[in-house]
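1. Okay, predicted coordinates and the sequence, questions at the end:
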Number of protein chains: 2
Amino acid sequence: MINQVTGDTRWRIVEAAMHLFWEKGYGSTSVADILGRAAINSGSLYHFFPGKQDVLLAVLEAYRTGIEQNLLEPNWRGVDDPIEKIFRLLGGYRDALVQTECTFACPIGSLALELHEPDPPVRELFAANFANWAKAVERCLKDAGKRLPASTDRRALAEFVLTTMEGAVMLASSHRDIAYFDRAVQQLRDYFNFQLRPAKTPARSRPQRRHKGKSHA
Amino acid sequence: MINQVTGDTRWRIVEAAMHLFWEKGYGSTSVADILGRAAINSGSLYHFFPGKQDVLLAVLEAYRTGIEQNLLEPNWRGVDDPIEKIFRLLGGYRDALVQTECTFACPIGSLALELHEPDPPVRELFAANFANWAKAVERCLKDAGKRLPASTDRRALAEFVLTTMEGAVMLASSHRDIAYFDRAVQQLRDYFNFQLRPAKTPARSRPQRRHKGKSHA
DNA sequence: CGGTAACTTGATTGATCATTCAACCAAGTC
DNA sequence: GACTTGGTTGAATGATCAATCAAGTTACCG
């Protein structure tokens, strides 16, 4: 998963912790779990990290620096239209949900809500991750140029895409039903269509039903 | 907090757990914490509940049955306009964020994301809580009658309000900044305004900036 | 008053947790 | 071949956790 130049111990720890925090959350992942998955001993972990929380910091740092390579690039490969890029990104989270039978998707969001009162450095990394994500969407919105009215607040709209994604993931995973995610994304699509003036890809100008039943894949 | 006919032990436990789960989450709340806050001994707790998880079930059940009395009624007192009711409800979450300096707001959402793989009964209570919340909003949307186009999918829109609230709470609490919440709600307001035909309260028909800086209260 | 059922007490249990540390090893340097 | 540096081993430590239970208390009922 992800990649790094070295296959050294430190990275094995981060990689293992990434997976486990994503799967079980921070609190429910024991150091022993990490040791097991990374196939090392406790002494090695504590050689590289002062404590469990510092592993979390490294994990969040890895997400932060890897957003381009591991999140945006795979989802945007071969996609040019900036608006479509946004919905491809959301599609990536949809895939994660489907692949895990709607149990988990966004690791940052889950961790952020789990740790209500994180130490300042942890909180700052959450914020930085969210900010980078929104910035990427904001770039798309700027690339969309005049297809969006000049009056549209691009930053607020980009944040709103993130808001929608996180909320949609929460509902879908709580219900164990991808349809909740799809309906939310469709609402967002409709919101976009209200604002977009038709480009190459003609935008439906009126809300239109989809996804009546459960999953659609 | 909340209320119940009796001030008996069982209710004291649920009340204490409600507060603690909200404040620290499920995993970080020890049974000892609950005992302390409820001012009882472990034997009493285990007399009423087979285990910690059953306390969680009771808490979720309490939220579920109390939504009308403890959530809707206080926020909707004196408000008639169904659309305004929706935004008053969101305002209630805003108040919770502000009062806790943006550390926590929606207990259900936090717990739902914390417990990735809850036992079926727990998961069902999460789903039921979300469903009731969305149903309340859906009722408002139906009460709005012809102010919304007939083509609008009221269920999907109601769910979208919930999606937005949960996502907005997550962003605001991660950044410790209420402005993230406000911007998201403003986007939702704009979305509504695209669809609403002007009622008594004339709806701004164009997005309009607000909240440039940090908090606005 | 005797009896019983509901409830409470709080020390105790055993598991699990994050963390520590002295001993060990391997590669590189002088 | 002595010494150092960077990394590894894994048993041990002490804290904390959810859960137990035998002994006690209270309230009600006949």
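-> In hand now; what should we look at?
2. From here on, just use CA atoms for contacts and neighbour counts.
-> Noted.
3. what does chain A have sitting close to DNA strand C?
-> The interface of chain A toward DNA strand C, taken as Cα under 7 Å from any atom of the strand, is made up of A:27-32, A:42-43, A:46, A:50-53.
4. and which of those residues is nearest chain B?
-> residue A:27 (6.7 Å; Cα to the nearest Cα).
5. re earlier: will you turn the residues of chain A next to DNA strand C into CSV that also has secondary structure?
-> Supplementary listing: the residues of chain A next to DNA strand C in CSV, determined by DSSP: H, G, I helix; E, B strand; the rest coil:
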residue, secondary structure
A:27, coil
A:28, coil
A:29, coil
A:30, coil
A:31, helix
A:32, helix
A:42, helix
A:43, helix
A:46, helix
A:50, coil
A:51, coil
A:52, helix
A:53, helix
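6. Give me the number of neighbouring residues for the spatially closest residue to residue A:191 that is not a sequence neighbour.
-> Once its chain neighbours are removed from consideration, residue A:191 has its nearest residue in residue B:191; the separation is 6.0 Å (Cα to Cα, 6 or more residues apart in numbering or on different chains). One way to gauge burial is a neighbour count; for residue B:191, by other Cα atoms under 10 Å in any protein chain shown, it gives 21.
7. Point out where chain A drops to low pLDDT.
-> In the predicted model, chain A carries pLDDT under 70 at residues A:1-7, A:198-217.
8. And the residue nearest the centre of it?
-> residue A:106 (4.4 Å; Cα atoms, centre = their mean).
9. Hmm, residue A:169 and that one touching each other?
-> Yes. Under the contact definition of Cα atoms under 8 Å, residue A:106 touches residue A:169, with a separation of 7.4 Å.
10. what is in contact with those two at once?
-> residue A:93 (Cα atoms under 8 Å, 6 or more residues apart in numbering or on different chains).
11. before we move on, the earlier item: mind telling me what element the residue nearest to residue A:191 is part of?
-> When elements are defined using DSSP states H and E, residue B:191 is found to belong to helix B:178-195.
12. now for the helix ranked longest in chain A, which elements pack on it?
-> As assigned by DSSP state H, the longest helix anywhere in chain A is helix A:120-143. Contact partners of helix A:120-143 among helices and strands, from 3 or more Cα pairs under 8 Å, 6 or more residues apart in numbering or on different chains; DSSP states H and E: helix A:52-66, helix A:82-99, helix A:107-114, helix A:154-175, helix B:154-175.
13. Give me the residues contacting the second one.
-> Counting by Cα under 8 Å, 6+ apart, helix A:82-99 makes contact with A:71-72, A:75-76, A:79, A:102-106, A:137, A:140-141, A:143-144, A:165, A:169, A:173, A:178, A:181, A:185, all of which sit outside it.
14. I'd like to check the angle between it and helix A:178-195, please.
-> Helix A:82-99 and helix A:178-195 are oriented at 170 degrees to each other (axes from the mean of the first three to the mean of the last three Cα atoms, to 10 degrees).
15. Tell me the buried residues within the contacts of helix A:82-99.
-> Buried subset of the contacts of helix A:82-99 (neighbour count, 16 or more other Cα atoms under 10 Å in any protein chain shown): A:71-72, A:75-76, A:102-105, A:137, A:140-141, A:165, A:169, A:173, A:178, A:181, A:185.
16. just to revisit the earlier point, for the residue nearest to the centre of chain A, which residues are in contact?
-> Neighbouring residues of residue A:106 by Cα under 8 Å, 6+ apart: A:22, A:93, A:166, A:169.
17. My guess is residue A:172 contacts residue A:180. True?
-> Yes. With contact defined as Cα under 8 Å, residue A:172 and residue A:180 form a contacting pair (5.0 Å).
18. and the gap between residue A:71 and DNA strand C?
-> Counting by Cα to the nearest atom of the strand, to the nearest Å, the gap between residue A:71 and DNA strand C amounts to 28 Å.
19. sorry, back to before: the residue nearest to residue A:191 and residue A:193 touch, don't they?
-> No. In this structure, residue B:191 is not within contact of residue A:193 by Cα under 8 Å, at 10.5 Å.
20. Break chain A down into its structural domains.
-> When chain A is parsed into structural domains using automatic domain parsing, the resulting residue ranges are A:1-65, A:80-217.
21. Could you tell me how far the residue lying closest to residue A:111 once chain neighbours are set aside is located from DNA strand C?
-> Closest residue to residue A:111 in three dimensions, ignoring its sequence neighbours and counting by Cα to Cα, 6+ apart: residue A:25, at 6.4 Å. Remark: distance between residue A:25 and DNA strand C (Cα to the nearest atom of the strand) = 11 Å.
22. was I right about residue A:25 contacting residue A:109?
-> No. With contact taken as Cα under 8 Å, residue A:25 and residue A:109 are classed as non-touching, separated by 10.6 Å.
23. what number of residues lie near residue A:34?
-> Residue A:34 has 26 nearby residues by other Cα under 10 Å.
24. so which residue of chain A comes closest to DNA strand D?
-> Closest approach of chain A to DNA strand D (Cα to the nearest atom of the strand) occurs at residue A:43, with a separation of 2.9 Å.
25. if I pick that residue, what's in contact with it?
-> With contacts taken as Cα under 8 Å, 6+ apart, residue A:43 has no neighbouring residues.
26. ok, now how distant is the residue lying farthest from the centre of chain A from residue A:14?
-> No residue in chain A sits farther from the centre than residue A:43, which is 32.4 Å out by Cα atoms, centre = their mean. To residue A:14, residue A:43 is 15 Å away according to Cα to Cα, to the nearest Å.
27. chain center to the longest helix of chain A: distance?
-> Mean C-alpha position of helix A:120-143 versus that of the full chain (Cα atoms, centre = their mean, to the nearest Å) differs by 11 Å.
28. likewise stretch A:154-174?
-> Taking Cα atoms, centre = their mean, one finds stretch A:154-174 lying 10 Å from the centre of the chain it belongs to.
29. does that stretch come close to chain B?
-> Yes. Contact between stretch A:154-174 and chain B, assessed by Cα under 8 Å from any Cα of the partner chain, occurs at A:156-157, A:159-160, A:162-168, A:170-171, A:174.
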